[in-house]
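Asker: Test case, fold it:
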Amino acid sequence: KLRYLAGRARRTRYYRGLPAVAGRQDLTRLPILDKVVLDAHTPPVSRDMSSDAPPSGEILRSGATTGEPRYIVYSLTDWSNMVREAVPVLYGVGLEKGDRLVNALFGGSLYGGLITSSCELSRMPVECYTTGQHITVDDLLALVRNFSVNSVVGQPALILPLLREAAAREPDLRLEKVVYGGTAMTETDKAWLRERLGVRVISSILAANDGAQLGYQCPELDGTLHHLCDDYNLIEVVDEAGDPVPDGEPGHLLVTALQKFEGPLIRYRIGDVGRILPGRVCGCGVSGRLLEYLGRSDGLIKVKARTVLYDEILTALSVFQVSRLQVEITSTDGTDTVVVRTESPLDLDPEKVRHLLAGEFEALSDRHAFGDGLEVFRLVVECHPEGGLPRNPVSGKVKPVIDRRVG
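Answerer: Reported below is the predicted structural model:
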């Protein structure tokens, strides 16, 4: 597959001089593709990565949450490959023949989640009610009542506030399956789904709009562990310099799309971090490597010469049932201010949240190595109800870290 991919990639102007590939051992000889380079050689800026194969009829959009949009061209063959390879993933997360599911993934503004999932689900023996992100509580309750809907597919930032309000209005509401993507779901939210709605399957699909499905979580896996889709997207983990790290060590994720030939993604740095765990036979019967997804590579909060991980803060706030979190950092006259914004179904006291964070993380405390009269750091906490933080209008995600000291 790698030899074939390299041969097809050489048909494009950008990859014309790509080195020969005899096997996977040669993968590290190939250059790493970063987003800046991808932007400069793909539409609308350039067609250097295009081979002018017959188009699929769909152009997807990426870059909606972190920069200018990028337009992703699929050839007709690429699109067929993507849809075909996604169907086993949807079975793998726990969907079954006869399921009746609401598809509440985001669509519009050329965002691909709703478009691709609709095509994929149409290949399966399930009843799909495609609502997109504009679903209301009335819509959901009507679909459960009139069509016995048992499953919901969507992003946690949208579906959790929706399901909590629906449960408040309909105490007998029950669902069997929740499949999610886009961002991680907290263990607190998973526990609420099981205890309040009786959900027995809660599974994640890990995907990138540039290259579609990367991994999936079967009902036997928990936390952020995912089976890899190595036949479709080959994943490497590398350090800051781009060198491979041993299994079990965290690093940046590189994706090589083995079945996408128009706008090839070869060793593409997607902006996420994770670690590969050695292969094992899972209880679902699948064997092979596992990926522990560790979040966005920009989820590092650096203050007072210390580093805190976004996911560490979110985990610490699980005692307050925090489901969404945003951290913003500003600097004025030598003072760094960290604003922590939370979403929770509880009515939280900002001072209690602040006290916990200051006690848990040295970098977020008032302690510093300078004179007592010098204010070099402030921690501010804002507590919002579920759905209270602004969502990106294209992707529906809450931007996790905003560092206004950069750029």
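
Asker: ok, residue 40 - contacts?
Answerer: The contact partners of residue 40, by Cβ atoms under 8 Å, 6 or more residues apart in numbering, come to residue 46. Every residue, glycine included, has its C-beta placed from N, CA and C.

Asker: Quick check: the gap between it and residue 264.
Answerer: Note on residue 40: its distance to residue 264, by Cβ to Cβ, to the nearest Å, is 15 Å.

Asker: send the alpha carbons of stretch 52-63 over as PDB?
Answerer: The C-alpha trace of stretch 52-63 is given here as PDB (Å, rounded to 0.1, in the frame of the first residue of the first chain):
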ATOM      1  CA  ASP A  52      -6.900  15.900 -11.600                       C
ATOM      2  CA  ALA A  53      -8.600  12.500 -11.000                       C
ATOM      3  CA  PRO A  54     -12.400  12.500 -11.500                       C
ATOM      4  CA  PRO A  55     -13.900  14.400  -8.600                       C
ATOM      5  CA  SER A  56     -16.400  13.000  -6.100                       C
ATOM      6  CA  GLY A  57     -18.800  15.900  -6.200                       C
ATOM      7  CA  GLU A  58     -18.000  16.800  -2.600                       C
ATOM      8  CA  ILE A  59     -15.300  19.300  -1.400                       C
ATOM      9  CA  LEU A  60     -14.900  19.200   2.400                       C
ATOM     10  CA  ARG A  61     -13.600  22.000   4.600                       C
ATOM     11  CA  SER A  62     -11.000  21.900   7.400                       C
ATOM     12  CA  GLY A  63      -9.100  24.400   9.500                       C
END
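
Asker: mind listing what's buried in that stretch?
Answerer: Along stretch 52-63, these residues count as buried under the neighbour rule (16 or more other Cβ atoms under 10 Å): 53, 56, 60, 61, 62, 63.

Asker: Next: stretch 282-290.
Answerer: Burial within stretch 282-290, assessed by neighbour count using 16+ other Cβ under 10 Å, is assigned to 286, 289, 290.

Asker: could you give the mean pLDDT of it?
Answerer: Here the mean pLDDT over stretch 282-290 is 89, rounded to a whole number.

Asker: quick one: that stretch to chain centroid distance?
Answerer: What separates the centre of stretch 282-290 from the centre of its chain is 21 Å, taken as Cα atoms, centre = their mean, to the nearest Å.

Asker: Phi and psi next, for residue 150.
Answerer: The main-chain torsion angles of residue 150 are listed as degrees, to the nearest 10 and equal phi -120, psi 0.

Asker: ok, now how distant is residue 244 from residue 206?
Answerer: Going from residue 244 to residue 206 by Cβ to Cβ gives 20 Å.

Asker: Same question for residue 195.
Answerer: When distances are taken as Cβ to Cβ, residue 195 and residue 206 turn out to be 26 Å apart.

Asker: Can you mark which positions in the longest helix belonging to the chain are buried?
Answerer: Ranked by residue count under DSSP state H, the longest helix found in the chain is helix 76-92. By neighbour count with 16+ other Cβ under 10 Å, helix 76-92 contains the buried residues 78, 79, 81, 82, 83, 85, 86, 89, 90, 92.

Asker: Residue 244 and residue 206 - which one has more neighbours?
Answerer: For residue 244 versus residue 206, neighbours defined as other Cβ atoms under 10 Å are more numerous around residue 206 (25 against 15).

Asker: In space, what's closest to the more buried one - neighbours in sequence excluded?
Answerer: In this structure, residue 206 finds its nearest non-sequential neighbour in residue 215, 4.3 Å apart by Cβ to Cβ, 6 or more residues apart in numbering.

Asker: roughly how far apart are that neighbour and residue 199?
Answerer: As judged by Cβ to Cβ, residue 215 and residue 199 stand 21 Å apart.

Asker: Settle it for me: which of those two has more neighbours?
Answerer: Remark: of residue 215 and residue 199, residue 215 carries more neighbours, 25 against 20, as counted by other Cβ under 10 Å.

Asker: so how far is the helix or strand of the chain with the lowest mean pLDDT off the chain centroid?
Answerer: Each helix and strand of the chain was given a mean pLDDT (mean pLDDT, DSSP states H and E); the minimum falls on strand 300-303 at a mean of 73. Computed by Cα atoms, centre = their mean, the chain-centroid distance of strand 300-303 equals 21 Å.
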